[in-house]
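S.K.: Pasted the sequence and its predicted model underneath.
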2 protein chains.
Amino acid sequence: MVKKTSKTKKIGKYIYFFGDGKAEGNAKMKNLLGGKGANLAEMTNLGIPVPSGFTISTAICTYYYANRKTYPQGFMDEVKKYVHKIEKSMGKKFGDKSDPLLVSVRSGAAISMPGMMDTILNLGLNDIAVEGLSKQSQNPRFAFDAYRRFIQMFSDVVLGIEKDKFEHIIEKIKERKGVKSDIELDAEDWKDAVRQFKALFTKEMGYDFPQDPWKQLKMAIDAVFGSWNNPRAITYRNLNKIPHDLGTAVNVQSMVFGNMGEDSGTGVAFTRNPSTGEKKFYGEFLINAQGEDVVAGIRTPQPIESLQKKLPKVYAQLFNIQKKLEKHYKDMQDMEFTIEKGRLFFLQTRTGKRTAPAAVKIAVDMVKEKLISRETAILRVKPEQLDQILHPMISPDSKLELLAKGLPASPGAAVGKIVFSAEDAIKSAEKREKVVLVRKETSPEDVGGMHAAEGILTSTGGLTSHAAVVGRGMGKPCVVGCSAAVVDESRKIVKIKNKELKEGDVISISGSTGEVFAGSAELIQPKLAGEFKVFMQWADKIRKIGVRTNADTPFDAETARNFGAEGIGLCRTEHMFFAQDRLPKMQKMILSETMEERQKALDELMPLQKDDFKGIFKTMKNLPVTIRLIDPPLHEFLPKTEEERKELSAKIDIPEEKIKEVSESLHEFNPMLGFRGCRLGIVYPQIIKMQVRAILEAAAELRKDKIKVIPEIMVPLVGHINELNLTKKYIDEVAQEVMKKHSVKINYLVGTMIEVPRAALTAKEIAQTAEFFSFGTNDLTQMTFGFSRDDAGRFLRYYVENKILKTDPFVTVDQQGVGKLMEMSVRDGRKARKNLKIGICGEQGGEPETVKFCHRIGLNYVSCSPFRVPIARLAGAWAVLERKKKQ
Amino acid sequence: MVKKTSKTKKIGKYIYFFGDGKAEGNAKMKNLLGGKGANLAEMTNLGIPVPSGFTISTAICTYYYANRKTYPQGFMDEVKKYVHKIEKSMGKKFGDKSDPLLVSVRSGAAISMPGMMDTILNLGLNDIAVEGLSKQSQNPRFAFDAYRRFIQMFSDVVLGIEKDKFEHIIEKIKERKGVKSDIELDAEDWKDAVRQFKALFTKEMGYDFPQDPWKQLKMAIDAVFGSWNNPRAITYRNLNKIPHDLGTAVNVQSMVFGNMGEDSGTGVAFTRNPSTGEKKFYGEFLINAQGEDVVAGIRTPQPIESLQKKLPKVYAQLFNIQKKLEKHYKDMQDMEFTIEKGRLFFLQTRTGKRTAPAAVKIAVDMVKEKLISRETAILRVKPEQLDQILHPMISPDSKLELLAKGLPASPGAAVGKIVFSAEDAIKSAEKREKVVLVRKETSPEDVGGMHAAEGILTSTGGLTSHAAVVGRGMGKPCVVGCSAAVVDESRKIVKIKNKELKEGDVISISGSTGEVFAGSAELIQPKLAGEFKVFMQWADKIRKIGVRTNADTPFDAETARNFGAEGIGLCRTEHMFFAQDRLPKMQKMILSETMEERQKALDELMPLQKDDFKGIFKTMKNLPVTIRLIDPPLHEFLPKTEEERKELSAKIDIPEEKIKEVSESLHEFNPMLGFRGCRLGIVYPQIIKMQVRAILEAAAELRKDKIKVIPEIMVPLVGHINELNLTKKYIDEVAQEVMKKHSVKINYLVGTMIEVPRAALTAKEIAQTAEFFSFGTNDLTQMTFGFSRDDAGRFLRYYVENKILKTDPFVTVDQQGVGKLMEMSVRDGRKARKNLKIGICGEQGGEPETVKFCHRIGLNYVSCSPFRVPIARLAGAWAVLERKKKQ
């Protein structure tokens, strides 16, 4: 006993009051008061009227376990003293029969952890106090509901009686009354519930539900300290290396009620408009109501301004406090408040959620108001959020029927009539009709139709399927892999769930969310000027990594340049071959039987391709343009159906049988790993020679118009240095010829995609020839994981949903595996060539985490689809700031 | 001049004679005499009668370049002195009109290099000496042919007159005579040629062809030294870091002629029989003939024994020398000799080429004769050579029409009637008819037919196509990718070039060479006992790396065990599902709509699969058996044609429409990278749980029969540790159940294939769960290179032929790329688990260079198809011995 006494002596002050604008603790006393307790003290000290209460410090928890679960002498007397302080502050009495003080009891350690005791509300209620509450609120239904909630919570949390047993009683009561929801129960029903709850308690525990509020309080405190050493909490602390003697505090706080009459109420407010960012106090409230009433949706809340008329003093106080809070926290606040009989209480204040446009406006405004620095402003907007700003959105006011949800493959919203073929899309576009192209999947031949459509919906394919990739490249809203939609292209109908839609029916799709609606949605258009522009300029100043774009047309290039792209990181030449005037020539080339025939077809293609390059070079003048030589397998260019073959045969005068034969001979089991990329140019050098000629002739001709062109010729699918060496030899030969012909010197570079694992593994050798690297992280991911992006749907979604993979590696680069290859390439490549320029042009290049990773491993630039350029720019700035914070 | 003289003084002896059984130099004087000169001296010292000659040392070359291309004073006098020594030795005189001494002049540095001067033969001939040669040989045609050859060689090599110009003259003479080949020209024609050659020389050079033999010799020596510094030689030395002052020597050696009468002759002999290895002097000769006569094939040589009668003394000398040579070189020698007027000269002796059976016999015999050590014996047989021993060969005596050449996919020869379908093959086998299955490609459904056939021929596919892999596994001769064969399976004909073969026509194929013959070839059967067995036991004693086999059936396992396999490294469970009694059940499982249906189908498969495992376990008792869980995409099991679907529908009572629907929904663009491997078991755990149950039930039941089973359960296609963790959880759950049920403890291991690059990259993580690794180098190569083995034919052959790749990476592991991943895996894997067992089970596992690589990087074992087991065993021994030599 001596020992215990001595410990008691050492313990000193162990209860800390907060209320009436003053607290005994503060934010720095987290170890003693726990996170919650310190925070309540801090808010109080800030002059925010929080309901009064006190915190029993963690020292008691330590004492409790050091002394066989006992408290220091006089502990409950001390607690009582503090309860009396609350009584004084709130003008109520604990357990009073006319105006009882009710409290909440919560645990709160310095570090929050699972397994710790939950909240107990309404403590202090008993058979007498409930009558007082009933009278005071003039709302017996509320009082008995509060009482039964307390019994339920207390029994569950403190004594471990299963919640379900209580719920079962309520179910029975509803059944008897023939009603479905709790709202339909009245005061008498809740009285009945309380009666039955108490009976259940007695049955379970062998004694009656404690009526003495002090006993209730003591038991609740015991439960908090007891929960510190429950198995879940111990495991959690072991796993997270949290010391077991840290201990938890206990927070006892007065309950307040907004349903105490016309001078009471409850509401939510923001310091600025969370939708627009406008600097204006904003919110809603309900008079004579509790928070639950707002949630139940029975009454419609009023705008905050009208509180000024109703309770002008409270409004003035609220207005001043919100100003003070924003200034203190230096960010827009989302606050919950309750007015009890004309007295304002803040239940919570936290950083408010906001839309992307609001986030940008608030960040920029706050810098102007000198509240925050530019760096802080940049970190206030998540890069991914910008997506909302850059595309039209479906207005939240649109009340349409949600038909299904697919994968959000290319952001933005589109509204249009359904068409089922690329041709129909083009025809409709010519008639200026807005259409959404709906297909099972798309193929390169659909590109024209995709361009003509407002948006694309496919029933199959993943986030890197053809439709998704092309859609993002074009900035077309696109929903893919919408497996609920059964598309019958021949009958021109699509069945979604039990609804059958036909050609011409209007749908709305959101490529940002993957949602598909029936009917025409109202759209909100993006605004890119003003604060957005300022904000992006700040980001650019911080950013170190370059941002280029993937663009195949002058139109895309222009879009991207307007979005701030600093060059083209990937121009896919093959898309040019799919244009209507090119495809037959390309097909003729593929079907050639002799070198001469092939050359003839290529000679016809050359001037067309040259013009393509001129267009792009002009748009991107003074900026580098990386052009990738032909990549896809040749069979992609040939017709697939008999009908198409017939048509082509007539057009280019080659027998249908021959077309079929060649198509079949080119068929591949795994085209992804087949005869494509640089392999084409090695077996048929004529093809890439034509392309190189077109690139350099274009550059030479523009040179005469004083337009500066910086071509970077990129060889795809290199896996072995000899492939690159041979291809570079062909490129250089043609370049010499063209430069001689035009008597100009063109500073072109020759580099390679790093998209085959072997290229990454032998980067040191490859960099001896390659003047730049560009990570093709789509293919690199496919080959490193052994995932075909076209086929992975069957298991990849399962993997992500079941946490086998944390994220989809086609969305954000897999840093452990694919990233390891990238890091090796950067390190080894620069060993061979110190100033090796390295970029990324895979789909992931515009994804913020990937941008940050690329910054970290020392890439020179990322390249992404035009609409992701601003996101990448912002992510680049984040990369710098986040690393700075870590250092 | 003083300087020069002083240098002359220092130079000392610089010409070294060899002849008459004694030489001034020896084998150690390579730097001074060059490789050739040192070797000639060594042979002479051994008592081998080589034609006399001398070597001008490299010191003269150095002098020559240090002194503005001049020689030491009295140089030609010294040369003359040595020529006279030759004259004395040979009994002839340089430039003599009745019996002229002719010599050859050759360059010879310590290291041979390209660009150096070629041989000049017959030097010493002129208008007078040619008459002497003519008389001596009584063969004017020979003499003038020799003279014109000398003029031609001398003009080309010494003076750079183009060879073609001389050839043109000969063409004209033949035209005039109306003959096609040189043999048809007579003495007068060659006289005419000599006349015209000399005229050409005068026209080209402005002076006449030198008649003075001493002048000829001086010019030839000048040319040798001059060639030391030609650009090709300089470049070569720069590239290979050979010092430029090394210098070349000049070898001047007497010519000898076997066509000097009935006491002259020429021949080739071996110290042992190069076909069988029999220890018996072996060879052939022609009396009164030159080497060219043998090549021209006008006369048939006689066996060496008959020389004993004709020239008994010469034969005795020859016999003794060959014995001495073999004893000296400690290997079977291949010797060229010439007898000039009863005098024997050796022109060359070198290690003789031999067949594989001969190589083994000779190696074993020589150890018994104490000529060589066992280690040397092992290195005398190249691992790859064993392939010849293990399979039947087409007899070299078979004179059949070669129709085409495909890829040699599975060694051995097969003869049989052509069939075009697996069913026909099975039907024929039932009638005991031998057939060769000819198809465009094979698929898993053909496996039964492949087994029934003697051999397989496909027109498409590469060395790792289905036909090739299965063929090798079965030890069936197999030729794939025979693109010259156009197979029409429906009409049952195959067109090869212009020949049309139909069902029932007999063909012969050699899977060792890729050859396809019309008709029935004679076959030579392998012998595996005797020396072969002894030899392999020696290899095993040296070998460190284990050798297992890839086997899916007890039959394969038995074969491999007989070949010395020490366990199974890969047992593919899916092949079991293709058996006729299993397939419909498997298909039913795939077509199931509910978990219950699927489980029912699996429950039917379980006992069948359990019996499969019991069979294999019994065969391999006491040895480890690695069983891979199901790997191929499910669509491989479903019927492909409408007819097959109809049939299946009737059999398993599932609507045809449903079968089609599921097939289509399972269709994949790149099945290689699709829904297969461990992905199947993760999405459908029931399947692998059935397999694990079958494995462990089999092990448990055999345990009761006291048969020791060591099962190693292998998870395919793991790319992420979470995949393995989840799969292992399922395996362990089932294992616990089975062990509890049978009350036994089974020591099973759970490991993983390393076949996805990402697995190799994250080996350290994966080894935390995996108890063993097995490199699946087929898939690892496919993914690391981005090559689909089914499609790579279009470019891979081009790559190998054009040296873009040194070797086919599906044949021998690519050490720079794929090998780098393997090394990383071994290093990182053992960091996490020190005693991690690591093997390889890809096709390359039985290829000698790959075996050596695997030994070097520390693998525990290789696993290969049964017929490659002995090759791998020998390669394993080589790996040890080669590294030992390097150290």
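M.R.: Everything's here; your move.

S.K.: Rank the helices and strands of chain A by mean pLDDT and give me the bottom one.
M.R.: Lowest by mean pLDDT, DSSP states H and E among the helices and strands of chain A is helix A:2-11, with a mean of 48.

S.K.: The stretch 601-750 of chain A against chain B: which residues are in contact?
M.R.: A:668-675, A:677, A:679, A:682-683, A:717, A:719-720, A:722-723, A:726 (C-beta under 8 Å from any C-beta of the partner chain). (Each C-beta comes from the backbone N, C-alpha and C, glycine too.)

S.K.: low pLDDT regions in chain A?
M.R.: Chain A contains residues with pLDDT under 70 at A:1-10, A:292-298, A:464.

S.K.: Select the longest helix from it.
M.R.: If you go by DSSP state H, chain A has its longest helix at helix A:595-619.

S.K.: and that helix, which residues are buried?
M.R.: A:598, A:601-602, A:604-606, A:609-610, A:612-619 (16 or more other C-beta atoms under 10 Å in any protein chain shown).

S.K.: Show me which pair in the residues you listed is furthest apart.
M.R.: A:Arg598 and A:Thr619 (31.3 Å; C-beta to C-beta).

S.K.: For A:Asn550, grab phi and psi.
M.R.: The phi/psi pair for A:Asn550 (degrees, to the nearest 10) reads phi -90, psi 110.

S.K.: helix, strand or coil for the nearest residue in space to it that is not next to it in sequence?
M.R.: Once flanking residues are discounted, A:Asn550 sits nearest to A:Leu570: 4.2 Å by C-beta to C-beta, 6 or more residues apart in numbering or on different chains. Classification of A:Leu570 by DSSP: H, G, I helix; E, B strand; the rest coil places it in strand.

S.K.: Tell me the helices and strands packed up against the next helix or strand after the longest helix of chain A.
M.R.: Next along the chain after helix A:595-619, taking DSSP states H and E as the criterion, comes strand A:624-628. Under the contact definition 3 or more C-beta pairs under 8 Å, 6 or more residues apart in numbering or on different chains; DSSP states H and E, strand A:624-628 sits against strand A:568-572, helix A:595-619, strand A:710-715.

S.K.: Which residue, neighbours along the chain excluded, lies closest to the residue nearest to the spatial centre of chain A?
M.R.: With distances taken as C-alpha atoms, centre = their mean, A:Glu384 lies nearest the centre of chain A, 6.4 Å away. Closest residue in space to A:Glu384, ignoring its immediate chain neighbours: A:Pro848 at 5.7 Å, by C-beta to C-beta, 6+ apart.

S.K.: Likewise for A:Tyr82?
M.R.: Closest to A:Tyr82 by C-beta to C-beta, 6+ apart is A:Phe54, at 4.2 Å.

S.K.: Shouldn't that neighbour be within a helix?
M.R.: No - looking at A:Phe54 with three-state DSSP, it is strand, so not inside a helix.

S.K.: Distance-wise, check it relative to chain B.
M.R.: 47 Å (C-beta to the nearest C-beta, to the nearest Å).

S.K.: do the same with A:Asp245
M.R.: Here A:Asp245 is placed at a distance of 32 Å from chain B (C-beta to the nearest C-beta).

S.K.: Find the nearest non-adjacent residue to that residue, please.
M.R.: Nearest non-adjacent residue to A:Asp245, counting by C-beta to C-beta, 6+ apart: A:Thr62, 6.0 Å away.

S.K.: do the same with A:Thr619
M.R.: Closest residue to A:Thr619 apart from its sequence neighbours, by C-beta to C-beta, 6+ apart: A:Ala557 at 4.2 Å.

S.K.: now swap in A:Ala452 and tell me
M.R.: Spatial nearest neighbour of A:Ala452, excluding adjacent residues (C-beta to C-beta, 6+ apart): A:Ala429 at 3.6 Å.

S.K.: Show me what whichever strand or helix holds the one you found is packed against.
M.R.: A:Ala429 belongs to helix A:422-430 when assigned by DSSP H and E. Applying 3+ C-beta pairs under 8 Å, 6+ apart, we find helix A:422-430 packed against strand A:413-419, strand A:435-439, helix A:447-452.

S.K.: what comes up buried for that helix?
M.R.: Counting neighbours by 16+ other C-beta under 10 Å, the buried set in helix A:422-430 is A:Ala422, A:Asp424, A:Ala425, A:Ile426, A:Ser428, A:Ala429.

S.K.: I'd like the helices and strands packed on helix A:422-430 laid out as TSV, including mean neighbour count.
M.R.: Below are the helices and strands packed on helix A:422-430 laid out as TSV (neighbours: other C-beta atoms under 10 Å in any protein chain shown):
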stretch	mean neighbour count
strand A:413-419	23
strand A:435-439	29
helix A:447-452	20
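
S.K.: Now A:Gly277: which helix or strand?
M.R.: Assigned by DSSP H and E, A:Gly277 falls outside every helix and strand.

S.K.: and which of the buried residues of helix A:422-430 is nearest chain B?
M.R.: A:Ala422 (19.6 Å; C-beta to the nearest C-beta).

S.K.: which one is the closest one nearest to, not counting chain neighbours?
M.R.: A:Gly449 is the one closest to A:Ala422 (C-beta to C-beta, 6+ apart), at 2.5 Å.

S.K.: show me the contacts for the one you found.
M.R.: A:Val419, A:Ser421, A:Ala422, A:Glu423, A:Asp424, A:Ala425, A:Ile426, A:Leu437 (C-beta atoms under 8 Å, 6 or more residues apart in numbering or on different chains).

S.K.: quick one, phi/psi of the residue nearest to the last one when sequence neighbours are not counted?
M.R.: Pointing back at A:Leu437 there. Among residues not flanking A:Leu437 along the chain, A:Ala453 sits closest, at 4.0 Å (C-beta to C-beta, 6+ apart). Main-chain torsions, A:Ala453, degrees, to the nearest 10: phi -80, psi 160.

S.K.: Any idea how many residues pack against A:Ala453?
M.R.: By other C-beta atoms under 10 Å in any protein chain shown, 30 other residues sit near A:Ala453.

S.K.: Centre of the chain to stretch A:618-636, how far?
M.R.: Relative to its chain's centre, stretch A:618-636 lies at 31 Å (C-alpha atoms, centre = their mean, to the nearest Å).

S.K.: That stretch: which residues count as buried?
M.R.: A:618-620, A:623-636.

S.K.: what number of residues lie near A:Asn498?
M.R.: 5.

S.K.: what's the distance between it and A:Ser490?
M.R.: Per C-beta to C-beta, to the nearest Å, A:Asn498 is found 21 Å from A:Ser490.

S.K.: tell me the secondary structure for the residue nearest to A:Asp245?
M.R.: helix.

S.K.: does it really touch A:Gly247, like I thought?
M.R.: Yes - applying C-beta atoms under 8 Å as the test, A:Thr62 and A:Gly247 come out as touching, 4.8 Å apart.

S.K.: ok, these two, which is more surrounded?
M.R.: A:Gly247 (22 against 18).

S.K.: wait, what's in contact with that one?
M.R.: A:Thr58, A:Ala59, A:Ile60, A:Cys61, A:Thr62, A:Tyr65, A:Ala109, A:Trp228.

S.K.: what's near enough to touch the nearest residue to the third one once chain neighbours are set aside?
M.R.: Nearest in space to A:Ile60, with sequence neighbours left out and distances taken as C-beta to C-beta, 6+ apart, is A:Tyr14 at 5.3 Å. If you count contacts by C-beta under 8 Å, 6+ apart, A:Tyr14 has them with A:Ile56, A:Ser57, A:Ala59, A:Ile60, A:Pro72, A:Glu78.

S.K.: neighbour-wise, which of those residues leads?
M.R.: Ranked by the number of neighbours (other C-beta under 10 Å), the contacts of A:Tyr14 place A:Ile56 first, at 28 neighbours.

S.K.: so that residue makes contact with A:Pro72?
M.R.: No - A:Ile56 lies out of contact with A:Pro72 (C-beta under 8 Å); the separation is 11.0 Å.
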